[in-house]
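Novice: Sharing a model that was predicted from the sequence below.
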Amino acid sequence: MKTGDTLELEFESERKVLSVSNLNREARLLVEGGFGSVWVEGEISNLARPSSGHMYWTLKDARAQVRCAMFRQSAVRLRVAIENGQQVLVRARVSIYETRGEFQLIADYLEEAGEGVLLRRFEELKRKLAAEGLFDAERKRAIPSLPVRIGVVTSPTGAAIRDVLIALTRRFPATSVLIYPTSVQGQGAAEEISRALRLADERAECDVVILTRGGGSLEDLWAFNEEIVARAIDAMTIPVIVGVGHEIDFTIADFVADVRAPTPSQAAELAVPEQSEIVARLNRYADQLRRGVTRRVADETRRLDALSHRLYQAHPGVAVRSRHQRLDELEARLRRGIERAVAVRRVRLAQVAARVAAANPRHRVALARQRWDRANEHLGRAIRANVAHFGNRLTLADRALTSLSPLATLERGYAIVSRRDDGSVVTDSGTIERGTGIDLALARGRLAATVDSSDPPED
């Protein structure tokens, strides 16, 4: 045998032959063990949702693509609705689909890439600061009604500072403005904003601070969603108005600020009053002052008149005339008093005379005689009335006694029968025997008899 044939036989004896399914299984185990869980960003295409609840799609970028699968138990936990063309961030396990030998990702979590990540960070920081109380209303500081100087923390070259200055000039041009320049976008902007806020608070040159910038995307405004800026606003002793972006834009700085304005211009309008309103208020104050002065002058004039009248009354001549008048009044009162006293004495004298006349013995005897005559007459009438009354009563009693007397019964032919031996009254014929002596009492007189026979009463 040739040497070449010998080598070929040895090679064939060491050969390990795998089936396709075994090869794919070995490859899957090798891939899954080598990568583990990975995060992959890309665009969704060829999205399919079969009735099983699983989801399948292709994740691609500008130069490559990979198949992805998400099984039902993971798909039901998704908090975002996915669709073709959506840029997403996928957490997946690298694997191989053994049936077709295709390289694929088994996803268990998915979120929107780009703004989706930022929104998640936004909500997480918002919940954290809210739990610490940085958004509470009682922490908010009041904006002064008439600030002398306004501090503005913003980019000195942006559109926001022009809007703020135009609004301040239009609304209240007397207010001075101090700008604290800072970056409002890009790397390191949040740190610069927080330093500018601390500087404004330390220098205490302003009555209120406006933190502002113009509109932009979520990434453009992200510096105002950083925790360092929120902490700097919360640490301020000067009131802070935040006006970032447009009305639909909300940042973490808006929630921490003492006042949130939808735009930079409105932030300026909230910082200062309307000059025309101040002028109108001053005019009202002037009118009130004029009316107050007029009232005070009138009050003082009345007071002066009262003092003048008191001074006139205190003049000696007035006092003498007043005393003369008082003397005349007292004299008239004395005359009237004497006349009243004389009249009272006359009435009392007449009363005493009447009492003396009434106390004369003759008069008293006459009065006693009149009283005796009246009493005698009353006594006679009373005696006659009593005699008549008792006579009537006696007649009635006599009639009652007569009707109840046994003699009246005897007058009608009845008799009272009694035993002769003991005098007991006989009321039952069965109690007396033949030959017994009896007495009969009549209305007039008595009879003696002997019983010949008796009929006892029937039962």
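Specialist: That came in fine, so what should we check first? Numbering: from 1, shown residues only.
Novice: do you know how far the closest residue to residue 443 other than its chain neighbours is from residue 258?
Specialist: Take residue 443 and drop its neighbours on the chain: the residue closest to it by C-beta to C-beta, 6 or more residues apart in numbering is residue 410, 3.8 Å away. From N, CA and C alone the C-beta is placed, and that goes for glycine too. Remark: distance between residue 410 and residue 258 (C-beta to C-beta, to the nearest Å) = 136 Å.
Novice: Comparing the two, which residue is more hemmed in?
Specialist: Counted by other C-beta atoms under 10 Å, residue 410 and residue 258 do not tie: residue 258 has more neighbours, with 18 against 15.
Novice: which residues does that one contact?
Specialist: 140, 141, 142, 143, 239, 240, 241 (C-beta atoms under 8 Å, 6 or more residues apart in numbering).
Novice: Tell me which residues touch the first one, please.
Specialist: Translated: residue 140. By C-beta under 8 Å, 6+ apart, the residues touching residue 140 are 258, 259.
Novice: Next up, phi/psi of it, please.
Specialist: phi -70, psi 140 (degrees, to the nearest 10).
Novice: That one and residue 260, how far apart?
Specialist: Separation of residue 140 from residue 260 (C-beta to C-beta): 10 Å.
Novice: same deal with the third one?
Specialist: If you measure residue 142 against residue 260 using C-beta to C-beta, the figure is 15 Å.
Novice: which one of the two has more residues nearby?
Specialist: It is residue 260, of residue 142 and residue 260, that has more neighbours when counted by other C-beta under 10 Å, with 19 against 9.
Novice: Now, of the contacts of residue 258, which are buried?
Specialist: Those of these that meet the buried threshold are 143, 239, 240, 241, by 16 or more other C-beta atoms under 10 Å.
Novice: Who are the contact partners of the closest residue to the first one other than its chain neighbours?
Specialist: Here the nearest residue to residue 143 in space, its sequence neighbours aside, is residue 239; by C-beta to C-beta, 6+ apart that works out to 5.1 Å. Residues near residue 239 by C-beta under 8 Å, 6+ apart: 141, 142, 143, 144, 207, 208, 209, 258, 259.
Novice: Go through those and say which is closest to residue 197.
Specialist: Lowest distance from residue 197 to the contacts of residue 239 (C-beta to C-beta) belongs to residue 209, with 7.1 Å.
Novice: Verify the contact between the closest one and residue 200 for me.
Specialist: Yes: Residue 209 lies in contact with residue 200 (C-beta atoms under 8 Å); the separation is 5.2 Å.
Novice: joint contacts of those two?
Specialist: Going by C-beta under 8 Å, 6+ apart, residues that sit against residue 209 and also against residue 200 are 151, 153, 180, 236, 238.
Novice: Which secondary structure elements does the helix or strand where the first one lies sit against?
Specialist: What that stands for is residue 151. Element membership for residue 151 (DSSP states H and E) is strand 149-154. With contacts taken as 3 or more C-beta pairs under 8 Å, 6 or more residues apart in numbering; DSSP states H and E, strand 149-154 sits against helix 159-171, strand 176-181, helix 189-203, strand 208-213, helix 264-271.
Novice: Show me what the first one is packed against.
Specialist: It refers to helix 159-171. strand 149-154, strand 176-181, strand 208-213, helix 264-271.
Novice: Centre of the chain to the strand or helix carrying residue 287, how far?
Specialist: Element membership for residue 287, per DSSP H and E: helix 275-313. Put simply, helix 275-313 sits 44 Å off its chain's centre (C-alpha atoms, centre = their mean, to the nearest Å).
Novice: Surely residue 160 touches residue 154?
Specialist: Yes: here residue 160 reaches residue 154: they are 5.2 Å apart, a contact under C-beta under 8 Å.
Novice: Show me the common contact partners of these two, please.
Specialist: Contacts common to residue 160 and residue 154, judged by C-beta under 8 Å, 6+ apart, are 184, 212, 213, 264.
Novice: Look up phi and psi at residue 57.
Specialist: Main-chain torsions, residue 57, degrees, to the nearest 10: phi -160, psi 170.
Novice: Near residue 296, how many other residues are there?
Specialist: 10.
Novice: how close does it get to residue 303?
Specialist: For residue 296 relative to residue 303 (C-beta to C-beta), the value is 10 Å.
Novice: how about the helices and strands packed on strand 149-154 in CSV, adding mean neighbour count, distance to residue 53 and mean pLDDT?
Specialist: CSV is the format used below for the helices and strands packed on strand 149-154 (neighbours: other C-beta atoms under 10 Å; distance: least, C-beta to C-beta, whole Å; pLDDT from 0 to 100):
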stretch, mean neighbour count, distance to residue 53, mean pLDDT
helix 159-171, 18, 49, 91
strand 176-181, 16, 56, 94
helix 189-203, 19, 43, 94
strand 208-213, 28, 46, 94
helix 264-271, 24, 49, 92
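Novice: Just after the helix-or-strand element of the chain with minimal mean pLDDT, pick out the following helix or strand.
Specialist: The least trusted helix or strand in the chain, going by mean pLDDT, DSSP states H and E, turns out to be helix 3-14, with a mean of 54. Downstream of helix 3-14, the first helix or strand assigned by DSSP H and E is helix 20-35.
Novice: mind listing the helices for the stretch 1-150 of the chain?
Specialist: In the stretch 1-150 of the chain, the segments counted as helices under DSSP state H, counting those that start in this stretch are 3-14, 20-35, 72-75, 115-132.
Novice: what residues go with each domain of the chain?
Specialist: 13-113, 119-273, 401-459 (automatic domain parsing).
Novice: so of the ones you listed, which one's packed in deepest?
Specialist: Per residue and on average, the most neighbours among the domains of the chain fall to domain 119-273, with a mean of 18 (mean count of other C-beta atoms under 10 Å).
Novice: start to end distance for that one?
Specialist: In terms of C-alpha to C-alpha, to the nearest Å, the two terminal residues of domain 119-273 are separated by 36 Å.
Novice: Walk me through which strands the strand holding residue 151 pairs with, and which way each runs.
Specialist: strand 176-181 (parallel), strand 208-213 (parallel) (DSSP bridges).
Novice: which sections of the stretch 351-459 of the chain are below the confidence cut-off?
Specialist: 360, 403-405, 407-408, 457-459 (pLDDT under 70).
Novice: Do a quick rundown of the helices in it.
Specialist: Counting by DSSP H, counting those that start in this stretch, the helices of the stretch 351-459 of the chain are 361-404, 406-411.
Novice: winner for burial among those?
Specialist: helix 406-411 (a mean of 12).
Novice: on that earlier part again, tabulate the helices and strands packed on helix 159-171 in TSV, adding columns for distance to residue 288.
Specialist: Formatted as TSV, those follow (distance: least, C-beta to C-beta, whole Å):
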stretch	distance to residue 288
strand 149-154	29
strand 176-181	29
strand 208-213	28
helix 264-271	27
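Novice: Please consider this matter closed, and thank you.
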